[in-house]
Every structure is written in C-alpha cells, then in structure tokens.
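J.: This is a predicted model, with the sequence first.
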Amino acid sequence: MIEQYVIDELLQRVFSEDALPKLVERLNEENKKLISERDEEKKKLSRRYEEIKKSISSIVDVIAKGYFHSSLYEKLTELEQQKAEIEVRIKEMNSLPDTSSITEEKIIQYLLKDKEVLEAGDPHKIKQILPTYINKIIVYRDRIEAHFRLSVDDTVCA
C-alpha cells in the first residue's frame, strides 16, 4: 500500500505532463546557479592564490636582502600552507563534473527514463531510483507524508 502510494505520487508530482516542464525548469535553474557559484568560487580562489604568491615573493625578497626575523619565517610558512590549501581546492573544483553541457533535453530524457521504470513496475529497478526522488516518508496513524527531493511540491500528504 505505501509503496504504491509513493509510486503514484511520484508519477503525479514529478512525472505528470503538468509537473515535468516545471521540474525541468527548476532543475535547469539550479544547474545554472551551481555553475555560477562554482565559477565565482574559482575566481575568488584564483585571486587569493595570486595575492598569496605576491606576499610570498615579497617575503622572499626581504629575506634575500639580508633581513631575517622569525616572524617572517612564520608568515612565510603560513602563506605556503594557505597556498597549498588553495591549490588543493582548485584541483578539487577542476575535478568536479562539468554540468554546463546538461541541457533541458538531457534532463527530460533522464526523467522520462525513470518514469518508464516506475511504469514498468520492476521492484528492483524502482528501489534503485527512489532515493533520487524521495527524501523521506513518514507514516502516521491517519496519513502518509512523502517528502520529495525533486518535485514541484516537495511534500505530499495523504
């Protein structure tokens, strides 16, 4: 009973002709936002990286001129550590999947493929895709509450 209710709600709230275009639009907007946030973070990291390199260079120049103080060494060590951390973060950012090529058509294809799985009724395949769409299901005495990860309306009660 609960399983069929959840499948029916998914078909209505996520995969219906009314919900699908809205969901595709929402996913596309989220993807654009993600791309923008990543680009902004990369720019900030690059700027900070260049600032750190300049600071390191300045300290090295001062030391090369014969001025040395333990605080310079401490600051140089701190900057080298920050530089290494930023290099790691930039590498991580560059290894993230490129989502700029995800088009509305690809989103629709993906969603329709999962809709076909639900309609086909294979319990094993359905079990594999449900976590993509369902955050949690709460069963009360008088109702079932389904919280969706992806839907036009994230919570449904019956």
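T.: Sure thing, it's come through.
J.: And stretch 83-91, what's buried?
T.: Neighbour-count burial for stretch 83-91 flags 83, 86, 90 (criterion: 16 or more other CB atoms under 10 Å). Every residue, glycine included, has its C-beta placed from N, CA and C.
J.: just how off-centre is it within its chain?
T.: The chain centre lies 20 Å from the centre of stretch 83-91; the measure is CA atoms, centre = their mean, to the nearest Å.
J.: contact partners of that stretch?
T.: With contact meaning CB atoms under 8 Å, 6 or more residues apart in numbering, stretch 83-91 is reached by 42, 45-46, 48-49, 52-53, 56.
J.: hey, C-alpha coordinates of that stretch in CSV?
T.: Extracted C-alpha coordinates of stretch 83-91, given in CSV (Å, rounded to 0.1, in the frame of the first residue of the first chain):
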residue,chain,number,x,y,z
LYS,A,83,48.8,28.4,-1.0
ALA,A,84,48.9,24.6,-0.7
GLU,A,85,45.3,24.5,0.6
ILE,A,86,44.1,26.7,-2.3
GLU,A,87,45.9,24.6,-4.8
VAL,A,88,44.1,21.5,-3.4
ARG,A,89,40.8,23.3,-3.5
ILE,A,90,41.3,24.5,-7.1
LYS,A,91,42.2,20.9,-8.1
